[in-house]
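Peer 1: have a look; sequence and predicted model below, questions after that.
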Amino acid sequence: MMEDLPPVGSSSCEDDDGGFPDSPENGTETIAAGEEDRGIRLDVFLSSRLGITRNFARKLVEDGNVRLLPPRKAKPGMKMVPGIAAEVTLPPPESLDLEPEEVPFGVVYEDEWLIVVDKPSGVVVHPAPGNRHGTLVHGLLHRFRDFGSFNNVLRPGIVHRLDASTSGLLVVAREQEILENLQNQFRLREVRKQYLALVHGRVKKPSGRIDAPIGRCPSNRLRMAVVEDGKPALTDYRRLWVRDGYSFLECDIATGRTHQIRVHLSSMGHPIVGDVLYGADKKKAASAGRVFLHSWKLSFLHPKTGKRLFFTSCLPAALTGQLRDILSTSPD
């Protein structure tokens with residue numbers, strides 16, 4: 001849905017809650033099994049610790065990319081015991097010849113230069129190890145056949161990204177010139193992205209700013225965390241309402257880091273509903289079925305016309321259903 005709204009402020013270009021995620025490190029990772037890992041299959045252990053699919057973890061083992069310490073033969077189905085460490089060599093990203101695939105997503109706006117997509121939860125934006133099929137890029141290639149050349153490859157120009165679990169708006173370029181213009185707008189913070197998040201607990205302040213650096217969590221590489229030597233990160237939030245142990249927030253990100261909104265809200269003691277990785281209630285997460293984070297507003301300058309465009313994505317039915325259940329309870 002396009003909106004006729006007044007001009008808005010700034011944003012960024014590199015977050016995973018609406019931008020470019022930090023690139024995963026290639027090379028070797030060593031992970032040790034603890035008591036909590038006793039009896040877990042090796043491929044399941046690698047999948048959970050490295051954030052990859054079980055099939056890809058199995059392939060790593062079968063291809064000889066996993067060495068166990070103390071030395072023993074690695075097999076996907078072997079059971080882990082405390083004290084065993086797995087030294088995993090992650091292969092470099094591959095150049096993929098992608099076959100178009102039908103993938104569900106909405107189109108909010110399109111012209112000859114760009115497309116604004118409404119991505120559902122569960123769809124990964126770009127192919128990566130462990131996610132070779134069913135991505136948004138596969139779906140774009142299926143639905144649109146007129147993308148220009150990006151670095152000598154005919155493909156969609158992904159300007160920014162969303163986590164697989166996050167739904168909502170993102171913009172895709174059809175030509176290299178448009179991609180570079182939009183990326184520059186992100187760098188100059190001329191793009192505005194707003195998110196809706198349902199969090200656990202009662203957020204006391206009606207609004208606030210979280211200014212805390214984010215980097216890889218030292219104890220769990222699957223997570224990001226607020227760390228002293230991390231990259232600067234800035235999130236503004238506004239409390240929309242509080243009810244029955246939940247708070248409904250609108251968030252603006254002035255910088256963009258991997259999992260920024262999820263990390264910042266969790267650091268306040270208010271993890272997003274469904275986000276077990278960052279401390280959400282596991283039982284409630286199971287019933288929620290996804291992380292309650294939605295990219296609902298997006299605004300930027302059209303690279304060709306210079307006109308500011310405004311777009312809105314309504315909350316998916318699964319999320320509005322959660323809100324309806326909460327709001328049916330007695331007010332706090």
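Peer 2: Yes, it's here. Residues are numbered from 1 along each chain as shown.
Peer 1: what's the first helix or strand after the host helix or strand of residue 298?
Peer 2: Per DSSP states H and E: residue 298 is located in strand 293-301. Moving toward the C-terminus from strand 293-301, the next helix or strand (DSSP H and E) is strand 308-312.
Peer 1: mind giving me the packing neighbours of the strand holding residue 298?
Peer 2: Judged by 3 or more Cβ pairs under 8 Å, 6 or more residues apart in numbering; DSSP states H and E, strand 293-301 is in contact with strand 17-19, strand 167-173, helix 176-187, strand 192-200, strand 308-312. The C-beta positions use only the backbone N, C-alpha and C, and glycine is treated the same way.
Peer 1: how about the nearest residue to residue 78 once chain neighbours are set aside, what does it touch?
Peer 2: Nearest-residue entry for residue 78: residue 42, 5.0 Å, with adjacent residues in sequence omitted and distances by Cβ to Cβ, 6 or more residues apart in numbering. With contact taken as Cβ atoms under 8 Å, 6 or more residues apart in numbering, residue 42 is in contact with 57, 61, 66, 74, 75, 76, 77, 78, 79, 80, 86.
Peer 1: so what's residue 42 scoring on pLDDT?
Peer 2: Here the pLDDT value assigned to residue 42 is 94.
Peer 1: strands of the stretch 1-150 of the chain, start to end?
Peer 2: 17-19, 27-32, 66-69, 85-90, 106-110, 114-119, 149-150 (DSSP state E, counting those that start in this stretch).
Peer 1: so which of those strands is nearest residue 216?
Peer 2: Of all the strands of the stretch 1-150 of the chain, it is strand 27-32 that lies closest to residue 216, at 11.5 Å by Cβ to Cβ.
Peer 1: report the distance from that closest one to the chain centre.
Peer 2: Computed by Cα atoms, centre = their mean, to the nearest Å, the separation of strand 27-32 from the middle of its chain amounts to 23 Å.
Peer 1: so which bits of it are buried?
Peer 2: 29, 31 (16 or more other Cβ atoms under 10 Å).
Peer 1: next, the angle strand 85-90 makes with it.
Peer 2: Inter-element angle recorded for strand 27-32 and strand 85-90: 160 degrees (by axes from the mean of the first three to the mean of the last three Cα atoms, to 10 degrees).
Peer 1: please enumerate the helices of the stretch 1-150 of the chain.
Peer 2: With DSSP state H, counting those that start in this stretch applied, the stretch 1-150 of the chain shows helices at 42-50, 54-62, 136-143, listed in chain order.
Peer 1: out of those, nearest to residue 283?
Peer 2: Here helix 42-50 is closest among the helices of the stretch 1-150 of the chain (Cβ to Cβ), at 18.9 Å.
Peer 1: how about that closest one: buried residues?
Peer 2: 42, 43, 44, 45, 46, 47, 49, 50.
Peer 1: which residues touch the last one?
Peer 2: Neighbour list for residue 50: 29, 31, 57, 88, 90, 221, 222 [criterion: Cβ under 8 Å, 6+ apart].
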